[in-house]
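A.B. asks: predicted structure and sequence below. I'll ask about it afterward.
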Amino acid sequence: EVQLVESGGGSVQTGGSLRLSCSASGFTFDDYAIGWFHQAPGKEREGVSCINNRNGRIEYSDSVKGRFTISRDNAKNTVYLQMNSLRPEDTAVYYCNDGDNPRADYWGQGTQVTVSS
């Protein structure tokens, strides 16, 4: 059974930092691109960043470029999202999933990030 478990969220003030973790199990982690997504209240879920171990591709949405850094530790089956210079508009629930083809049955509970001004 595939499981993706997000952690590391919290409440910070504008300009603060958080590091999110996505721990994966139940599939060959190295073969997959892993993406971070977020969903703000009343909005659709959207992609934030993606990392592909096979070709080294790393992508960021325009809204987080230069502030967020994605990385992965294949030995730990974990992908991280270092979030710096946080803004109130970053407030959302953050999820991880297959970065190329997000699957409905892979969505976990997510981790809440709240940034206050």
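C.D. replies: That came in fine, so what should we check first?
A.B. asks: quick check, central residue of this structure?
C.D. replies: Using Cα atoms, centre = their mean, the residue of the chain that lies closest to the mean C-alpha position is W36, 2.7 Å off.
A.B. asks: got the contact list for it?
C.D. replies: Under the criterion of Cβ atoms under 8 Å, 6 or more residues apart in numbering, the neighbours of W36 are 20, 22, 47-50, 70, 79, 81, 94-96. In this view, the C-beta of every residue, glycine as well, is placed from N, C-alpha and C.
A.B. asks: please pick the buried ones from those residues.
C.D. replies: 20, 22, 48-50, 70, 79, 81, 94-96 (16 or more other Cβ atoms under 10 Å).
A.B. asks: now the strands for this structure?
C.D. replies: Ranges of strands within the chain are 3-7, 10-13, 18-25, 33-39, 46-52, 58-60, 68-73, 78-83, 92-98, 111-116, based on DSSP state E.
A.B. asks: among those strands, which is nearest A104?
C.D. replies: Smallest distance to A104 across these (Cβ to Cβ): 9.3 Å, for strand 92-98.
A.B. asks: okay, the angle between the closest one and strand 46-52?
C.D. replies: Counting by axes from the mean of the first three to the mean of the last three Cα atoms, to 10 degrees, strand 92-98 lies at 40 degrees to strand 46-52.
A.B. asks: so which bits of stretch 15-24 are buried?
C.D. replies: 16, 18, 20-24.
A.B. asks: ok, now how distant is M83 from I70?
C.D. replies: The spacing between M83 and I70, counted by Cβ to Cβ, to the nearest Å, is 10 Å.
A.B. asks: err, D31, not the other one
C.D. replies: Distance from D31 to I70, counting by Cβ to Cβ: 17 Å.
A.B. asks: can I get stretch 14-27 in PDB? Just the C-alpha atoms.
C.D. replies: Below are the C-alpha coordinates for stretch 14-27, written out as PDB (Å, rounded to 0.1, in the frame of the first residue of the first chain):
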ATOM      1  CA  THR A  14       5.700  36.700   7.800                       C
ATOM      2  CA  GLY A  15       9.300  36.200   6.900                       C
ATOM      3  CA  GLY A  16       9.600  33.000   8.900                       C
ATOM      4  CA  SER A  17      10.700  29.500   7.800                       C
ATOM      5  CA  LEU A  18       9.400  26.000   7.900                       C
ATOM      6  CA  ARG A  19      10.700  22.700   6.600                       C
ATOM      7  CA  LEU A  20       8.100  20.200   5.500                       C
ATOM      8  CA  SER A  21       8.800  16.400   5.100                       C
ATOM      9  CA  CYS A  22       7.100  13.900   2.900                       C
ATOM     10  CA  SER A  23       7.800  10.300   4.000                       C
ATOM     11  CA  ALA A  24       6.900   7.700   1.400                       C
ATOM     12  CA  SER A  25       6.400   3.900   1.600                       C
ATOM     13  CA  GLY A  26       4.900   1.100  -0.500                       C
ATOM     14  CA  PHE A  27       6.600   1.900  -3.800                       C
END
